[in-house]
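Visitor: I'd like to go over a predicted model; first the sequence, then the structure.
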Amino acid sequence: MKSLLSEVIFTRFYARVAILFCSLFAAVLGLMGPFFQKEFIDHISGMQSRFHFIQFDNPLTYVLGAFLCVLLGQAFSQLTNFLSMRESLFMQKIFAQRVYEKTLNLQVDTMSGRPVGEIVSLYATDVQGATVFLDQTLPAGCSTLFPLILAPVAISVLFDVPLWPIVLLMITIASFNTFMAFRQSKFFFNFKQLAAERIGLVNEWVQNIRTIRILGWTKHFESNIFAKREVETNNRVMMVTNGQIMNAISSSITFILNVVALGTLVFYSKHQLTTGELLALLWIVGVFLTRPFRQMPWFFTFAFDSWTSLKRLEDFLSTENNKTPALGSKTREQKRDEKFALQVHGLNLVIRNRKILDDINLDVAHGEFVAIVGEVGSGKSMLLLSLLRETGANFNFYHLGEKNALQISLDDVRGQFAYVPQEGFIMSASLRENVAFVYDIDPDRDTMVEESLKLAQFDLSGERVEKGLATEIGERGVNLSGGQRQRVGLARVHYHQAPILLLDDCLSAVDVDTEQKLFDQLLIGAWKDRTRLLVTHRLSALHRVDRILFMEDGRIIDQGTFEELLARSEKFREYTTSVAKEATEKNQSEASHV
Ligand SMILES: Nc1ncnc2c1ncn2[C@@H]1O[C@H](COP(=O)(O)OP(=O)(O)OP(=O)(O)O)[C@@H](O)[C@H]1O
């Protein structure tokens, strides 16, 4: 990958060069002011200077010249800032876009190691931080560097004194500033890292705040956040102290510089100074060099700070999706068979060296209804996500009808499926938009939306959605119950009419009556001709499907109808007994709460 720093420097290189030139002009013009000033004072005081910069008959011309130099110097300085800011915003747009695309394309099994806070802080601080190179470092660098190079040369030309005392002082100050700025950048880095961790923690806290309160974890969470805050505050105190030292030193530099410049003149100048020369000298060291010296530590700080943001972005952008290597499958080569809607052979998924799915082979006929069952963590959800190509699973063979799913685009693969995730998914939008999954949907489609909700047992008159389809739901609207969310998810599936339905435990939050109705009217009713894969822990569902896949530790260890599995598999009998026991216990505990 091309380094981001080189992109920051070389993208629209002509604009970077323009910034350099503007800054150089600003420095040269800034230095020319004192020369005009010197000539003016020498002229009106009638003193004879050894060195003449420019000669005019009318002394006011010098004043005009000095004024123009200062004015133009300021104009070029402002232009430098404007161009730097414009370039910085341009690069921010590019980086933000790239972070967005990366976030979008990271698969579920790669994302799980990255806390939300880390990604939020990439957007919120590092995208801006990375371009500080352009809006701060580059202009600050130029307006520091050029004056620092030009001023000693000007002094030695004007006063015929050796350069070394001032240069030595400048090198000493620059070294000290570099050291202080390096320290500062480490504090900055920690500051960002700690803020990212805190955002992650606060995010988790806000999302679960009620549950945390109910479970009595508030104190634990508070002390966790306070501890983080304490570390952050300590870092901040050190950062501010270091910054104050840097400021104090750069404020006193002008004085030291004046002393050194005047001392050099007293000890090394070979001729008598004119008033104009003396004023010019004081202007150069007292005014012209003040800003660059004040800026110098911040130039280094911004440079280091920007560097850390660039590294953090680079690290994120270079994240590779988890990829399972091709493992020698135990199955023979497969051919496409027209009767199947979905054919998978030799599906393996390894995440961080852990085998999550192990040599899955699955043929599902057009219109077949398949249930996937197994203990918690046996790989049911990961199997569905792998079919959607949302994980780094490796397949020997994967066909969706006549399409080779390994050769078509991800959008094409996902276009074959409708998917209901385990926890349901609701956007902050109207009920209508949540079913159709389109913003500003044409009200002509309302009949279809209403029909989908009806089949999904979402009764518009009885579900407290007062504005009907226009009711805002989700975080910014009416909060839906788990069961309502699942039913909206099912209505969405119906509305979209995709050929294969992947339903991940989508009945877990509905009551038995509703489950029956959903089965009758939707799962084996309206959807009877569609291919369906249902992950479930409900035993009642198992009588009504065509086939059951029984999973254990990432493998399909048996398959058949409910009766067949009960008859032949000891493990399946144990599984159904434990699920039934769990359901009874749950019912009893719910009853005791009533
Ligand atoms: N995003 C992820 N990144 C890494 N590992 C994951 C991820 N999601 C699940 N796993 C792991 O994959 C394994 C299978 O998880 P999966 O969610 O498929 O189980 P499941 O059978 O659906 O369980 P449940 O019945 O609780 O839904 C588990 O060991 C889990 O820790």
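Guide: Yes, it's here.
Visitor: Could you use CA atoms for every contact and neighbour count after this?
Guide: OK.
Visitor: So Gly65 sits against Phe35, correct?
Guide: No: with contact defined as C-alpha atoms under 8 Å, Gly65 does not count as touching Phe35 (9.5 Å).
Visitor: Same drill for the two, tell me which one is more crowded.
Guide: Phe35 (26 against 17; other C-alpha atoms under 10 Å).
Visitor: Around the ligand, which positions in the chain sit nearby?
Guide: Neighbours of the ligand within the chain, by C-alpha under 6 Å from any ligand atom: Val108, Asp109, Ser112, Ile356, Val376, Gly377, Ser378, Gly379, Lys380, Ser381, Met382.
Visitor: if I look at Ser223, how far off is Arg236?
Guide: 19 Å (C-alpha to C-alpha, to the nearest Å).
Visitor: So which of the two has more stuff around it?
Guide: Taking neighbours as other C-alpha under 10 Å, Ser223 and Arg236 compare with Arg236 leading, 16 against 11.
Visitor: quick one on the thing from earlier: ok, and the most crowded of the residues of the chain next to the ligand?
Guide: Lys380 (29 neighbours).
Visitor: For that one, give me the pLDDT.
Guide: Looking at Lys380, its pLDDT reads 94.
Visitor: Hmm, Phe550 and it touching each other?
Guide: No: if you go by C-alpha under 8 Å, Lys380 and Phe550 don't touch, sitting 9.4 Å apart.
Visitor: okay, and the common contacts of these two?
Guide: Ile372, Val373, Gly374 (C-alpha atoms under 8 Å, 6 or more residues apart in numbering).
Visitor: Which of those residues lies at the shortest distance from Lys581?
Guide: Closest to Lys581 out of those is Gly374 (15.0 Å), distances taken as C-alpha to C-alpha.
Visitor: the strands in the stretch 251-400 of the chain, which residues?
Guide: 340-351, 354-365, 369-374, 397-400 (DSSP state E, counting those that start in this stretch).
Visitor: Looking at those, which one is packed in the most?
Guide: Stretch with highest mean neighbour count among the strands of the stretch 251-400 of the chain: strand 369-374 (a mean of 25; mean count of other C-alpha atoms under 10 Å).
Visitor: in its sheet, what does that strand sit against?
Guide: strand 531-535 (parallel), strand 547-552 (parallel) (DSSP bridges).
Visitor: Can you add mean neighbour count and give those strands back as JSON lines?
Guide: Putting those into JSON lines (neighbours: other C-alpha atoms under 10 Å) gives the following:
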{"stretch": "strand 531-535", "mean neighbour count": "25"}
{"stretch": "strand 547-552", "mean neighbour count": "22"}
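Visitor: For those, could you give me CSV that also reports mean pLDDT?
Guide: Shown next, in CSV, are these (pLDDT from 0 to 100):
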stretch, mean pLDDT
strand 531-535, 95
strand 547-552, 95
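Visitor: and those strands as CSV, adding distance to Ile19?
Guide: Compiled in CSV, the strands paired with strand 369-374 are given as follows (distance: least, C-alpha to C-alpha, whole Å):
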stretch, distance to Ile19
strand 531-535, 60
strand 547-552, 64
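Visitor: low-confidence ranges in the stretch 301-450 of the chain?
Guide: Scanning the stretch 301-450 of the chain for pLDDT under 70 picks out 328-334.
Visitor: do that again at 90, thanks
Guide: Applying pLDDT under 90 to the stretch 301-450 of the chain flags the ranges 301-309, 311-312, 315, 319-339, 351-354, 376, 401-403, 420-450.
Visitor: do the stretch 151-300 of the chain as well
Guide: Within the stretch 151-300 of the chain, the segments meeting pLDDT under 90 span 151-229, 239-240, 242-300.
Visitor: In it, what residue comes closest to the ligand?
Guide: Per C-alpha to the nearest ligand atom, Glu204 is where the stretch 151-300 of the chain lies closest to the ligand, at 16.7 Å.
Visitor: any idea how far that residue lies from Ser461?
Guide: For Glu204, the distance to Ser461 (C-alpha to C-alpha) stands at 35 Å.
Visitor: More neighbours: which of these two?
Guide: Glu204 (14 against 10).
Visitor: Point me to the helix or strand that includes that one.
Guide: Glu204 belongs to helix 164-207 when assigned by DSSP states H and E.
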